[in-house]
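Peer 1: Quick one, fold the following:
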Amino acid sequence: MEIKRDDLTGAKIQALIGEHLQNMYEQSPACSVHALNLDGLRKPDVTFWSVWEQDELLGCGALKELDPEHGEVKSMRTASVHRRRGVARRMLAHIIEEAKRRGYQRLSLETGSTEGFEPARRLYESFGFQYCGPFADYEEDVNSSFMTREL
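Peer 2: Residues are numbered from 1 along each chain as shown. This is a model prediction of the structure:
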């Protein structure tokens with residue numbers, strides 16, 4: 001698996017982000033979907049990576065800078081056909097290392113609270129993320145789980 005910084009111009013990554021957004025809207029009410037679209041992922045405070053095996057796209061993830069000491073995990077997604085291969089684990093480890101390299105003191109995330117998001121919550125828990133209240137511009141939402149960890 002190779003992780004590459006991605007400019008989001010390729011058809012494969014655009015399709016994966018489309019799948020990600022569609023899935024988020026299927027699992028959560030629109031007012032509770034906090035996934036970024038392509039324009040949101042291209043903002044200067046967001047760094048986006050994709051995971052590849054040769055020319056096959058396996059997944060993606062992003063790191064958003066909230067302030068000079070606090071980052072947010074965004075857009076973690078594994079392509080459906082590549083689930084259970086460690087893609088998300090590899091991407092999350094990469095994001096955590098990058099956050100440490102940048103000198104962040106904390107890394108946080110928002111994910112869904114329903115059953116469909118249980119695998120994601122278990123992954124984050126396995127990396128030491130703990131549940132917390134809303135951070136940044138988020139508000140309390142029954143459909144959201146907020147998690148954080150110190151670096």
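
Peer 1: can we go C-alpha only for contacts and neighbour counts from here?
Peer 2: Fine.

Peer 1: Does anything pack onto the helix or strand that contains residue 89? Which helices or strands?
Peer 2: Assigned by DSSP states H and E, residue 89 belongs to helix 87-101. On a contact count with 3 or more C-alpha pairs under 8 Å, 6 or more residues apart in numbering; DSSP states H and E, helix 87-101 meets strand 56-67, strand 70-78.

Peer 1: so that helix versus strand 70-78, what angle?
Peer 2: Inter-element angle recorded for helix 87-101 and strand 70-78: 160 degrees (by axes from the mean of the first three to the mean of the last three C-alpha atoms, to 10 degrees).

Peer 1: for the closest residue to residue 88 other than its chain neighbours, what are its contacts?
Peer 2: Spatial nearest neighbour of residue 88, chain neighbours left out: residue 78 (6.2 Å); criterion: C-alpha to C-alpha, 6 or more residues apart in numbering. Residue 78 is in contact with 58, 59, 60, 87, 88, counting by C-alpha atoms under 8 Å, 6 or more residues apart in numbering.

Peer 1: and what of residue 27?
Peer 2: Contact analysis of residue 27 by C-alpha under 8 Å, 6+ apart lists 114, 116.

Peer 1: Noted, bye for now.
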